[in-house]
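**Student:** Have a look at this prediction, sequence included:
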2 protein chains.
Amino acid sequence: MSETNLQIQSLLKEDNTLEIALVEVPVPSPGADDVVVRVDAAPINPSDLGLLFGAADMSTATVGGDADRPVITATVPENGMRMMAGRVGQALAVGNEGAGVVVAAGESDAAQALLGRTVGIFGGEMYSQYRRANVMQCLPLHEGTTAVQGASCFVNPMTALGMVETMRMEEHTALVHTAAASNLGQMLNRICLADGVPLVNIVRKPEQEKILADLGAAHVVNSSADDFMAALTAALQTTGATLAFDAIGGGRLVSHILSAMESVAVSNMSEYSRYGSAVHKQVYIYGALDVAPTTLQRSFGFAWGVGGWLLPNFLQRAGTERMLRMRQRVADEISTTFASHYSREVSLAEALTLEAMGGYGRQATGEKYLIRPQQ
Amino acid sequence: MSETNLQIQSLLKEDNTLEIALVEVPVPSPGADDVVVRVDAAPINPSDLGLLFGAADMSTATVGGDADRPVITATVPENGMRMMAGRVGQALAVGNEGAGVVVAAGESDAAQALLGRTVGIFGGEMYSQYRRANVMQCLPLHEGTTAVQGASCFVNPMTALGMVETMRMEEHTALVHTAAASNLGQMLNRICLADGVPLVNIVRKPEQEKILADLGAAHVVNSSADDFMAALTAALQTTGATLAFDAIGGGRLVSHILSAMESVAVSNMSEYSRYGSAVHKQVYIYGALDVAPTTLQRSFGFAWGVGGWLLPNFLQRAGTERMLRMRQRVADEISTTFASHYSREVSLAEALTLEAMGGYGRQATGEKYLIRPQQ
């Protein structure tokens, strides 16, 4: 094991600046039930950017330090400082998930059993060369699965599976998904095709329609098209979907989805009710591609819900048994259903260049970076 | 029993007019498990107005017919016709609840046992002189309780109790209520005082603050005051309330409540999380005093929910045992906890005068009409 351990840290300072730096930290040593993983691959997910960039205005970013130990500095607007007040002065390690080889293990049997295994980990601080993890945080990958293949084995796979499990737990029978051409959306499409779950994919552009159609999606509707509400309503009528997951958050799309669901439910009623249908319609907002307010017209009766959805909160509610079953499926199907594709691989230092940050910061469909901390 | 049975009916016609008329219908006869109730008193609740007035522009209302059989006619705007398309051409009987004496009963033991009893009923069509009801729809009132005392034994009492029961079912420990000086709000305040449930009352006017303070409410905050957010946050910190019921619906109040709840939850966290707290915060919208859209700023993490709340849907979910326990409490405390007060009593015909409609149509605090169908 190396003596050095490089790590990306993000620090919000009282003088309204954000500092993102590659710093040297001690190589961790494991407790009894811990392992130490040499991190070989860690993806940059949209969900990592909030912690990495804070609320900084990244158009003001400048590079300091040197090529091996870069330091990015950017200014943070006043309202961003207020939103992030809780993290001022703390150098926070970044990176929700990754994979690598267990190079040290604590004395417990469970920890020792992982020695030499390639595992996926979820839990933060993954943009590091070495990372300590409790055995329960580790997903042992099958023999032959590489760290690159396993790097994205938590956030997208468990989120996509979590959507389908939420559907089952809350007794819906079909799903709606927005921003559906995303890496996550394509994964959800594969799960739904495999499990026979009807899925209505909502996208914004014709080329995104094509991506999903080429992947065998039966229902793809374009929210920018003139006939959007009619097409959505028809797809909801066919699938019976009363549950949606929305990555966008802002604007009126959530309201439109609920209205379309309600119009289907009302069309199936035999008797008028001024309270609308009794069919429960639910939208979970799990992302914030649009940070504008969510505007709900409430033209969809009283049997409806809108809520936030976050993977850790869901897993808490789902319970250990369900969570372990989901994880096992991810390990079993990591190179098929749950395969991720990356547009570019970068080292820890390369991830902190303005050019790379401009790339992964755009969150564009198909653009996904993989950090290789050992390079 | 009389041979005639007068009933208020509301009819939306294809020519964009609404017709509200007092019409004669047959006196119903009971099935085996039914009773026929002579309706002596039925309140006009805000929840009745939607069915009664449809989406008509009541400023255009004119009176026809004669004083004994009035016919109100009003025009309906085009968007109202669209919203109400499901009821065009159907003469709908109005009135969610009421009370009276059982004057006929079917052959079942349960039905026979109610003969001569004064009962409360929920289920529509109460602005009638006689109303058939299944025995399960009837709440037998205690000896000595009058129909006037029992007329409002469902909508407000069961809604207020339903809020407290929802709190228990969803494992919250305190409540927030908006438009809290209403008849319903005062009832909820009495229940919470009796049950030791901390309640944060939100009102809009100083005189409403006074009403609740005089009733012993510990936490009353005014959403029109400059220090509203600070006062609300302090009350939430003291009470620990993470569940709110909102009668207003439109605007930013729901968002403000969730933000204040989240700021309390975050202030109790030991470690920063960019996803906010894991404390689930819930607001149920059960009314629409403001029909404008609900605007959610989503500055309250991911552990939140907003949803519609409707008494029949809640009772479905609560189950029969809980519902019967709630009903029994209403019967036991109908002249104390669940007492309703009326500003005016009107006959069926008097309810269909422009002057009366202007009165109860305003939905002002303290203004509540009681229809006496036998007068």
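**Tutor:** Everything's here; your move.

**Student:** can you tell me how far residue A:145 sits from residue A:40?
**Tutor:** 12 Å (CB to CB, to the nearest Å). C-beta here means a position set from N, CA and C on the backbone, and glycine is covered the same way.

**Student:** So for those two, which residue has more residues nearby?
**Tutor:** residue A:40 (21 against 18; other CB atoms under 10 Å in any protein chain shown).

**Student:** Name the surrounding residues that touch stretch A:330-343.
**Tutor:** For stretch A:330-343, the external contacting residues (CB atoms under 8 Å, 6 or more residues apart in numbering or on different chains) are A:43, A:120, A:139-142, A:145, A:149-154, A:156-158, A:160-161, A:183, A:187, A:190-191, A:194, A:329, A:359, A:366-370.

**Student:** Those in strands, which ones?
**Tutor:** The strands, defined by DSSP state E, take in A:43, A:120, A:139-140, A:369-370 from those.

**Student:** and those, which two are the farthest apart?
**Tutor:** A:140 and A:369 (25.5 Å; CB to CB).

**Student:** and which of the ones in strands among the contacts of stretch A:330-343 is nearest to residue A:130?
**Tutor:** Out of the ones in strands among the contacts of stretch A:330-343, the member with the shortest distance to residue A:130 (by CB to CB) is residue A:120, at 15.6 Å.

**Student:** And the closest one, how close does it get to residue A:186?
**Tutor:** Counting by CB to CB - residue A:120 and residue A:186 are separated by 19 Å.

**Student:** okay, these two: which has more neighbours?
**Tutor:** Between residue A:120 and residue A:186, counted using other CB under 10 Å, residue A:120 has the larger neighbour count: 30 against 22.

**Student:** Not counting its neighbours along the chain, what's nearest that one?
**Tutor:** Nearest non-adjacent residue to residue A:120, counting by CB to CB, 6 or more residues apart in numbering or on different chains: residue A:153, 3.6 Å away.

**Student:** can I assume that neighbour is in contact with residue A:98?
**Tutor:** No. Using CB atoms under 8 Å, residue A:153 is not in contact with residue A:98, being 9.1 Å away.

**Student:** okay, and the common contacts of those two?
**Tutor:** With CB under 8 Å, 6+ apart, residue A:153 and residue A:98 have common neighbours residue A:120.

**Student:** just to revisit the earlier point, who's more crowded, residue A:140 and residue A:369?
**Tutor:** Using other CB under 10 Å, the more surrounded residue of residue A:140 and residue A:369 is residue A:369, with 21 against 18.

**Student:** Was I right to think that one contacts residue A:44?
**Tutor:** Yes. The pair residue A:369 / residue A:44 is scored as a contact, 4.4 Å apart, by CB under 8 Å.

**Student:** Now do the shared contacts for those two.
**Tutor:** A:351, A:360.

**Student:** how about JSON lines for the ones in strands among the contacts of stretch A:330-343, with pLDDT added?
**Tutor:** Shown next, in JSON lines, are those (pLDDT from 0 to 100):
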{"residue": "A:43", "pLDDT": "97"}
{"residue": "A:120", "pLDDT": "97"}
{"residue": "A:139", "pLDDT": "95"}
{"residue": "A:140", "pLDDT": "96"}
{"residue": "A:369", "pLDDT": "96"}
{"residue": "A:370", "pLDDT": "97"}
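
**Student:** which of the residues you listed lies closest to residue B:353?
**Tutor:** Using CB to CB, these come closest to residue B:353 at residue A:43, 70.3 Å.

**Student:** okay, now residue A:354: neighbour count?
**Tutor:** 14.

**Student:** quick one: buried residues of the helix or strand of chain A with the lowest mean pLDDT?
**Tutor:** Least confident helix or strand, chain A: helix A:78-83 with a mean of 86, by mean pLDDT, DSSP states H and E. For helix A:78-83, the neighbour count (16 or more other CB atoms under 10 Å in any protein chain shown) marks A:80-81 as buried.

**Student:** what do you get for stretch A:52-59?
**Tutor:** Buried residues in stretch A:52-59 (16+ other CB under 10 Å): A:52-56, A:58.

**Student:** ok, how many other residues are close to residue A:246?
**Tutor:** When neighbours are counted by other CB under 10 Å, residue A:246 comes out with 25.

**Student:** and if you look at residue A:113?
**Tutor:** There are 14 residues near residue A:113, going by other CB under 10 Å.
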